[in-house]
Each structure stands twice: as structure tokens, then as C-alpha cells.
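>>> Predicted model follows, preceded by the sequence.
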Amino acid sequence: IDHKTFLEYIHPADRDVVDNQWEAAKAGEPYDIEHRIITDEGETRWMRQKAEIEFNDAGKAISAIGIVQDITDRKEREQQLQTYQEELVMANEHLQQFAKAVEQSAHAVYITDTDGQIEYANPAFESITGHAVPDVLGQTPKLLQSGEHSTEYYEELWSTILSGEQWENEVINLRADGERLVLNQTISPITDDDGVPQNFVAVAHDITERKQYEEALEQAQNELRKIVDLIPDPIFVKNQDDEVLLTNEAYASLIDATPEEIESGSQHRFGTHIENYDEIKQRDMDVIETTAPTQHREELRLANGETYVFETARIPFEAAETGEQAVLGYARDI
């Protein structure tokens, strides 16, 4: 076949390269080229052409002897290798990014073997626990234990992670200087292809200050509860759904209940214990809707026949937890 017909078998993207190389070979350049062809069946295959050009005395190309070798398998292996290398480079970049993120993380991160011996710890581990990283390598997290957790606590931890599951809980430890340290800790197994744990990675967030704040807040709330309950006059906070958010013992005793029972949602008992409850409820709702404080002298008529007369003040109030509009009521028994 002539050269033009031969070029029709060349992959369209390679035709100019092959043609230019052939013209260069006729001018004396070496002819050794790899290119793709399209077979009669429409299959794309890779070929290597190598030729020796014979020239006459005038330096004109008069003939050529060459070989054509099918190198499709080799090119596919090269492509696979290139893809693997690109994936490896990308994986290495991601690994470096991950390692950098772990090193710069504000959370303590450490890795142990299946016996619990620490193989790696990041800088945050040292700043949070006070233990230098080189000193903890080869040791176990037992060096942090405070003694405040039971044997069952640690048995459950190990049972969970050895089964291949993630464990998350709060743990009370001790810093290197003996100070109490509260961590929100997650431990995840690193498993092989069969799901068998090979290592464990722990990520711990220092929540010591938050726990101290929560404990102080709880103590303050308990103190407030005591103060409110010591007030001899009924006090209540209600929202627009007529739910009692806060009350005291003086208020609850009117229907022979406790503040906890009323605040847990049993405020509907008022409807059966107080004859004129709808009237009183409407005054509560008016303050919520108008956000205007009111004062009334009002009767409270109980279903058992008892009647109380109160000087009552109602004040618009915003519930701390939800921000919803509510009413704060105070009643003086006269």
C-alpha cells in the first residue's frame, strides 16, 4: 500500500506525528516511532515502527527496510504503572496533609498497638496531658488513669474496640502534675482487610474547663432552687403553652404537689384543682402577648372549697434555655 493509504490506519491523533517523522527520515533523520493504529475491527492498538532508509548517490531516499512491532501489552502496562504512580503520589500528598493536620490539631491524638502500648502521640497530647511525647512512647495510657473509673469501665472499653467497634465516652484522667483532666475521647480500631484490629487511634478533646463550668452552673442552680423554695409566697414562670417552667414549694402546695411534678408537665392538674383556673390562665397569657406587667388582687378558688386572696404581680419574662416569651408571677397571700 502507498503511504497515504497507510496513514489511514494510523490513529487520527497520531497521523501528523507519523507523517512528519517519515518525512524527517527521508531527509536523513532516524526513524523509530511509537503510535496507535485503528484495526479493521475498530480496535486501537499500539505499534512501534523502526526503519533504515537507503539513499542513492544524490542523497535521495529510494527504499526503506523496517519492522513493525505490536507493543499494546507493554503500553498498557506502562499506563497502569503511570496510573499507579500518580495515585501513589496523590496518596502520599494526602498522607502528608493528614499527618500535618494531626500534628497541628488542638486535640490530643495517639496511636497504640493492640496491647495498648503508645506508638505515636502528637504535640497536643503533650500540651494537654503534660507528658512529653518521647517519655510516653512504649508506655500505655494507664499512666493517665485517675482511679475514678471502675474496672468494668475499662473492660467495656477494651471489649468494644477489640471487637472492631468505635468507643466514645468521657474519661477522667490526671495530668503529669496531678491535676484532674476530663477528656471527651474517641478510640477507633485500625483494622486489616479481614477486619482484625492492628492498632487503635485515640482522639481526645480537653473538656476540663467546660465540666468545671457545668458543675458550677449546676451548683448555682441548686442554690437558686433552695432560695426559691424558701420564699413563702407562690412564684411561677409559665410559657405561652401554659407549661410551668419554674415554680416553688409554696406554689405547688396549693394543689398538694411538688415543684418537680409540676415542672415535669403535670400543670394540667390545676384545671381540676382550681375552679377559676381559666380566668387566672388568661391573665398569664395577656402578659405574654402584651409584654406589659400587671398587678391584680385576685381570688383563687380551690375545688375543695378553700379560697385564697392574693396580691399578684405578673412580669414579662424570657425563658433562658429557649428564649421563648413567658410570664413570671409572684403572689402574696393576704
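Thanks, I have it.
>>> Next up, phi/psi of residue 225, please.
The phi/psi pair for residue 225 (degrees, to the nearest 10) reads phi -60, psi -40.
>>> Make residue 1 into 830 and carry on from there
With 830 as the first residue, the last one maps to residue 1054.
>>> That one and residue 1086, how far apart?
Distance, residue 1054 to residue 1086, by CB to CB, to the nearest Å: 16 Å. The way it works is simple: take the backbone N, C-alpha and C, and place the C-beta from them, glycine included.
>>> neighbour count winner among these two?
Neighbours were counted for residue 1054 and for residue 1086 using other CB atoms under 10 Å; residue 1086 has more, 18 against 14.
>>> With adjacent residues omitted, what lies nearest to residue 1154?
Leaving aside its sequence neighbours, residue 1154 sits nearest to residue 1117 (CB to CB, 6 or more residues apart in numbering; 5.1 Å).
>>> What strand or helix carries the one you found?
Residue 1117 belongs to helix 1106-1119 when assigned by DSSP states H and E.
>>> what about the strands in the protein?
Secondary structure of the chain (DSSP state E): strands at 860-867, 873-884, 890-899, 937-942, 947-950, 996-1003, 1009-1020, 1026-1035, 1064-1068, 1073-1076, 1123-1130, 1136-1147, 1154-1162.
>>> closest one to residue 843 among these?
strand 860-867 (4.1 Å; CB to CB).
>>> Other residues contacting the closest one?
Contact partners of strand 860-867, identified using CB atoms under 8 Å, 6 or more residues apart in numbering, comprise 838-840, 842-843, 846-847, 850-851, 853-854, 873-882, 893, 895, 900, 904.
>>> Show me the shaky parts of the protein.
Within the chain, the stretches with pLDDT under 70 are 830, 1094-1100.
>>> Who are the packing partners of the longest helix along it?
Of all segments of type helix in the chain, defined using DSSP state H, the longest is helix 901-933. In terms of contacts (3 or more CB pairs under 8 Å, 6 or more residues apart in numbering; DSSP states H and E), helix 901-933 is packed against strand 873-884.
>>> list the contacts for residue 1014?
997-1000, 1031-1034.
>>> Drop anything exposed from those.
The neighbour count (16 or more other CB atoms under 10 Å) marks 1000, 1031-1034 as buried among these.
>>> quick one: furthest residue from the center of the chain?
Taking CA atoms, centre = their mean, the residue of the chain most remote from its mean C-alpha position is residue 886, at 79.9 Å.
>>> which residues does the most centrally placed residue in the chain contact?
The residue lying closest to the centre of the chain (CA atoms, centre = their mean) is residue 1015, at 11.3 Å. Under the criterion of CB under 8 Å, 6+ apart, the neighbours of residue 1015 are 995-997, 1031-1033.
>>> let's see it at 7 Å
995, 997, 1032 (CB atoms under 7 Å, 6 or more residues apart in numbering).
>>> quick one: the last one and residue 935 touch, right?
By that I understand residue 1032. No - the pair residue 1032 / residue 935 is not scored as a contact, 10.8 Å apart, by CB atoms under 7 Å.
>>> ok so, going back, which one of the contacts of residue 1014 is nearest residue 912?
residue 1032 (33.4 Å).
>>> picking up where we left off before, could you dump the contacts of residue 1015 into a markdown table and include distance to residue 970?
Formatted as a markdown table, those follow (distance: CB to CB, whole Å):
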| residue | distance to residue 970 |
| --- | --- |
| 995 | 16 |
| 997 | 15 |
| 1032 | 13 |
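>>> Nearest to residue 1067 among these?
Nearest to residue 1067 out of the contacts of residue 1015 is residue 997 (CB to CB; 38.3 Å).
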